[in-house]
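Participant: Sequence first, then the predicted structure, then my questions.
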Amino acid sequence: MRPFDYQRPDDRDAAHAAARDGATFIAGGTNLVDLMKLEIMAPDRLVDVSRLGLDGIGDADGGLRIGATVTNSDLAADPRVRRTYPVLSRALLAGASGQLRNKATTAGNFLQRTRCPYFYDTDAACNKRAPGTGCAALGGEMRNHAILGGSQHCVALHPSDMAVAMRALDAEVEVEAADGTSRALALDDLYRLPGDTPHIETSLAPGDLITSVRLPVPLGERQVYRKVRDRASYAFALVSVAAVVRMEGGRIAEAALAFGGLGTRPWRDAEVDALLAGEAPGEALFDKAGEVLLRDAEPPEGTEFKLPLARRVLKAVLTEATR
Amino acid sequence: MAVTITVNGQDHTLDLDPRVTLLDALRDHLHLTGSKKGCDHGQCGACTVLLNGRRVNSCLCLAVMHDGDEVTTIEGLAEGGPSPLQEAFVAHDGMQCGYCTPGQICSATAMLDEVAAGWPSHVSASLDCPVELTHDELAERMSGNLCRCSCYPGINAAITEVARRGKTEATE
């Protein structure tokens, strides 16, 4: 690990002051410390934000406000989340291990780095790790890579389960900038597509601190999260689907679908949601939803299996959610 | 930099480089070598300790971030004699080489608390019901601890026995 300075401010003003000349925030550290050991990330200065009092969960406008440093365990077990946002509990519980969930935080989960093996292999070319060096994945061994949202520069997947459920729930992150001003960002605006700058994964500026996550009242009570992976536990998704559905008179009134294991960011497609709204559930409709979802899919060699897998998982989830 | 950590009930003030992990602080600075370094990347669980009562991978913790925190290691669980889980691991032969065992036992200790607190898991049919520690539940909840000798049958038997006994005591 490269040497770094460490500071642990007691409040947000001090955190911003400590980060003024450039710093990396750390809270749970489950991803960052791992990457620092491998020298894939080598920050000069760490500012510890784990004791800023951002670890509460509270009601907000009928929804929920979740502090940035609430652990994945506490969030999954929170009675309000279990009752009103079960898709979020399910997604959290499908991720990582008991030990990691006890340490990993909500904001850290959003900001975890991608898991492409070539990103982790410091001998391999990787535009995300070392901009401009090329992409060893494309043309290399590929399996768990993105089939949506990739570019010729990067096809690394966003690995979070939590963020997939958060996208289906229309979560917004509240961000405090270095100058103390706050703004809310929809996840669509937080996560960037890789394009030709895959090293820039979010729209956050240096010094921006996620302080909380806001969940609106869920659009439906029918919520499902299903994850398919290579082993039964403690593995990243090959495909995952989060569904939040409201039924009315036997029809789908509204639906919000989000996907993991497919995209370079937690994936949501407004056209899939629009296709389902107002329709009677059925196999033909669900097949059509899969077609729409994958209309622009470009599976790199080795990832083609994700096309039929995504269609089948989507169909199974929609069947369960509309039953 | 100076950091004070309470380990197994005793305060220790250490002068550490910020790069030192909690695992290395325990092993190399406090000479508590029960916690093991397996993968050193949070994948195997051999380094599992209890941090403020919860199980974590100590290899992914920077020690300087835990000033004022309470850590319990496998040595702490054995204070005043072996804990019920430690005895059960011996009785059920829940180990071969023994390298993963401290992590398994620390993890299982906290896992049983999580079950008692009603935390659901990925395989729980409902998010609301009290947890029944079936084989599937146990396997899911212990998936962060690997055993390359594959002593899982003994590990499962040991944890199941202690879980059952705890339940019986709770209802008596």
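Facilitator: On my side now, so go ahead. Keep in mind it's a predicted model, so treat the numbers as computed, not measured.

Participant: From here on, just use CA atoms for contacts and neighbour counts.
Facilitator: Will do.

Participant: who's in contact with the residue in chain A positioned nearest to chain B?
Facilitator: Ranked by CA to the nearest CA, the top residue of chain A for proximity to chain B is residue A:99, at 4.3 Å. Shown in contact with residue A:99 (CA atoms under 8 Å, 6 or more residues apart in numbering or on different chains): B:45, B:48, B:54, B:55, B:56, B:57, B:107, B:144.

Participant: In TSV: those residues, plus secondary structure, distance to residue A:220 and pLDDT.
Facilitator: Putting the contacts of residue A:99 into TSV (DSSP: H, G, I helix; E, B strand; the rest coil; distance: CA to CA, whole Å; pLDDT from 0 to 100) gives the following:
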residue	secondary structure	distance to residue A:220	pLDDT
B:45	coil	38	98
B:48	strand	39	98
B:54	strand	34	98
B:55	strand	35	98
B:56	strand	35	98
B:57	strand	37	98
B:107	helix	37	98
B:144	coil	33	98
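
Participant: quick one: which of those has the most company?
Facilitator: Among these, residue B:45 has the most neighbours (other CA atoms under 10 Å in any protein chain shown), with 36 neighbours.

Participant: Flag every residue of chain B that's near chain A.
Facilitator: B:18-19, B:41-42, B:45, B:48, B:54-57, B:60-62, B:65, B:107, B:111, B:119-122, B:127-128, B:140-144 (CA under 8 Å from any CA of the partner chain).

Participant: wait, what's in contact with residue B:66?
Facilitator: Going by CA under 8 Å, 6+ apart, residue B:66 touches B:3, B:4, B:5.

Participant: how near is the first one to chain A?
Facilitator: Right, residue B:3. 12 Å (CA to the nearest CA, to the nearest Å).

Participant: And that residue, what's its pLDDT?
Facilitator: For residue B:3, the pLDDT comes out at 98.

Participant: so how far is residue A:38 from it?
Facilitator: For residue B:3, the distance to residue A:38 (CA to CA, to the nearest Å) stands at 25 Å.

Participant: export the contacts of residue B:66 to JSON lines and tack on distance to residue A:54 and secondary structure?
Facilitator: Shown next, in JSON lines, are the contacts of residue B:66 (distance: CA to CA, whole Å; DSSP: H, G, I helix; E, B strand; the rest coil):
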{"residue": "B:3", "distance to residue A:54": "23", "secondary structure": "strand"}
{"residue": "B:4", "distance to residue A:54": "23", "secondary structure": "strand"}
{"residue": "B:5", "distance to residue A:54": "22", "secondary structure": "strand"}
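
Participant: what's around residue B:28, how many residues?
Facilitator: If you count neighbours by other CA under 10 Å, residue B:28 ends up with 12.

Participant: any idea of the pLDDT on it?
Facilitator: Confidence score, pLDDT, at residue B:28: 98.

Participant: Skip ahead from the helix or strand that contains the residue of chain A closest to chain B and say which helix or strand is next.
Facilitator: Using DSSP states H and E, residue A:99 sits in helix A:98-103. Scanning forward in sequence from helix A:98-103 by DSSP H and E, the next helix or strand is helix A:106-110.

Participant: any idea which element residue A:321 lies in?
Facilitator: helix A:306-322.

Participant: how distant is that helix from the center of its chain?
Facilitator: Its chain's C-alpha centre and that of helix A:306-322 lie 20 Å apart, by CA atoms, centre = their mean, to the nearest Å.

Participant: Can you show me the CA trace of it as CSV?
Facilitator: Taking Å, rounded to 0.1, in the frame of the first residue of the first chain, the C-alpha atoms of helix A:306-322 are listed here in CSV:
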residue,chain,number,x,y,z
LYS,A,306,-26.7,-13.1,-20.7
LEU,A,307,-29.3,-12.4,-23.4
PRO,A,308,-31.5,-15.5,-22.8
LEU,A,309,-30.7,-15.4,-19.1
ALA,A,310,-31.9,-11.7,-18.8
ARG,A,311,-35.1,-12.5,-20.7
ARG,A,312,-35.9,-15.5,-18.5
VAL,A,313,-35.1,-13.7,-15.2
LEU,A,314,-37.2,-10.7,-16.3
LYS,A,315,-40.1,-13.0,-17.2
ALA,A,316,-39.9,-14.9,-13.9
VAL,A,317,-39.7,-11.6,-11.9
LEU,A,318,-42.7,-10.1,-13.7
THR,A,319,-44.7,-13.2,-13.3
GLU,A,320,-44.1,-13.2,-9.6
ALA,A,321,-44.7,-9.5,-9.2
THR,A,322,-48.0,-9.5,-11.1
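
Participant: quick one: contacts for residue B:62?
Facilitator: Applying CA under 8 Å, 6+ apart, we find residue B:62 in contact with A:33, B:18, B:19, B:20, B:21, B:22.

Participant: can you list the domains in chain A?
Facilitator: A:5-50, A:222-322 (automatic domain parsing).

Participant: Including distance to residue A:152, mean neighbour count and mean pLDDT, could those go into JSON lines?
Facilitator: As requested, those are exported to JSON lines (distance: least, CA to CA, whole Å; neighbours: other CA atoms under 10 Å in any protein chain shown; pLDDT from 0 to 100):
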{"stretch": "domain A:5-50", "distance to residue A:152": "22", "mean neighbour count": "19", "mean pLDDT": "96"}
{"stretch": "domain A:222-322", "distance to residue A:152": "10", "mean neighbour count": "20", "mean pLDDT": "98"}
